[in-house]
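> Pasted the sequence and its predicted model underneath.
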Protein chains: 2
Amino acid sequence: MPRVALNTTINGVDVQRMAETVKAIQNNSTLATFQFRAANRWFTGGYNQSTIHGFSAAGQEDTTRTQPFLVEADEPPVLLGKDQSPNPAEYVLHALAACLTTSLVYHAAARGIRIQSVESRLEGDLDLRGFLGLSDTLRRGFEKACERARIPFGLTVESGVIWLAGQANGLPIDMMAIP
Amino acid sequence: MPRVALNTTINGVDVQRMAETVKAIQNNSTLATFQFRAANRWFTGGYNQSTIHGFSAAGQEDTTRTQPFLVEADEPPVLLGKDQSPNPAEYVLHALAACLTTSLVYHAAARGIRIQSVESRLEGDLDLRGFLGLSDTLRRGFEKACERARIPFGLTVESGVIWLAGQANGLPIDMMAIP
């Protein structure tokens, strides 16, 4: 009888490779070392671009990414820019949302939980008086940020939102937590 | 004799409008209130997209941005993705670099300092054992991040790097400071 190949992909994540990666890191902690990079160049006013290319993974320089990514930043007219792209604060929200989503999907895959969809909305409030130096007490960044997520689960009745909250400690971008 | 129009743009920033904005906020602090947003949707594995459209500025909903921005996120193959875009950690570095650059350029413009160029390189180190829950002591995000910036000044002999360091407290994305 032919052996049936196991489908090792859950939520689009190769869980067998994931398990192998975890085991390899447990045996050799230097494989856990990653470095990401961005090189930014100013053009004019609120407009600048970052080139994102090289990174090191598992302690070695990556060779798979042959073309760099170019990411823009600008400010809307009310912040004296031309709104040619999202602004830095919006990219932070994107990074946090993307990190939240990917962490949730990967952690679920590792536990065999199939997810049908993940949608989230992030909002960040800031008071410009902090940045302008018009207040000593206001934060210069987001005063507060909140997210609302909707995660219909396929194979569990577990509440997606409660589960998500429990995963919050597992986010790689925890540096962005607002005190 | 005809009146000569003053050139109020420095570093691509309309400093007259900037001064008017500061004065308006000093007179009415509700004008300092901003909210930025991102709506994220998961596709598969490490790939997701954020739609960035509406925001409120000076306490009012913006009406100038008629088209949304779509920003992708993915992971490289070593992190089980297909590398279709920068990953969330790289977007954080982009956001920080862009914020650093824009803050520097705007603060310089407000002081009448003309800048010729700003280039910066950001690196963020992380240890995957934090994210994987293989260590209680390691951070789940960047262990440390550093930036190297080069800012040739046009009209001053001030050291750009020292000046930049002095501006660090003025960055709107100070939430990203690594303890």
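Perfect, I can see it now. Numbers count the residues shown, from 1 in each chain, chains lettered A, B, ... in the order given.

> show me what contacts the nearest residue to A:Phe69 once chain neighbours are set aside?
Nearest residue to A:Phe69 in three dimensions, chain neighbours excluded: A:Ile52, at 4.4 Å (Cβ to Cβ, 6 or more residues apart in numbering or on different chains). C-betas here are computed from N, CA, C, even on glycine. Taking Cβ atoms under 8 Å, 6 or more residues apart in numbering or on different chains as the criterion, A:Ile52 is in contact with A:37-39, A:68-71, B:86, B:90, B:93-94.

> Now, of those, which are buried?
Burial by neighbour count, judged by 16 or more other Cβ atoms under 10 Å in any protein chain shown, picks out A:37-39, A:69, A:71, B:86, B:90, B:93-94 from the contacts of A:Ile52.

> mind checking how far A:Leu126 is from A:Pro88?
Distance, A:Leu126 to A:Pro88, by Cβ to Cβ, to the nearest Å: 11 Å.

> Look at the two and report which has more neighbours.
Neighbours were counted for A:Leu126 and for A:Pro88 using other Cβ atoms under 10 Å in any protein chain shown; A:Pro88 has more, 27 against 24.

> For the more buried one, give me the backbone phi and psi.
A:Pro88 adopts backbone torsions of phi -50, psi -40, taken as degrees, to the nearest 10.

> Setting the sequence-adjacent residues aside, check what's closest to it.
Distances taken as Cβ to Cβ, 6+ apart place B:Cys99 nearest to A:Pro88, at 3.8 Å, with adjacent residues excluded.

> Would you verify that that neighbour is located in a strand?
No: counting by DSSP: H, G, I helix; E, B strand; the rest coil, B:Cys99 falls outside a strand, being helix.

> Could you give the number of residues near it?
Other residues within reach of B:Cys99, judged by other Cβ under 10 Å, total 26.

> roughly how far apart are A:Ser85 and B:Ala98?
A:Ser85 is 9 Å from B:Ala98, by Cβ to Cβ.

> Between the two, which is the more surrounded one?
Counted by other Cβ under 10 Å, A:Ser85 and B:Ala98 do not tie: B:Ala98 has more neighbours, with 32 against 21.

> How about that one, nearest residue that isn't a chain neighbour?
When the adjacent residues along the chain are set aside, B:Ala98 lies closest to A:Ala73, with 3.5 Å between them (Cβ to Cβ, 6+ apart).

> Quick one: residues contacting the one you found.
Neighbour list for A:Ala73: A:46-50, A:85-88, A:91, B:94-95, B:98, B:101-102 [criterion: Cβ under 8 Å, 6+ apart].

> Fine by me, thanks again.
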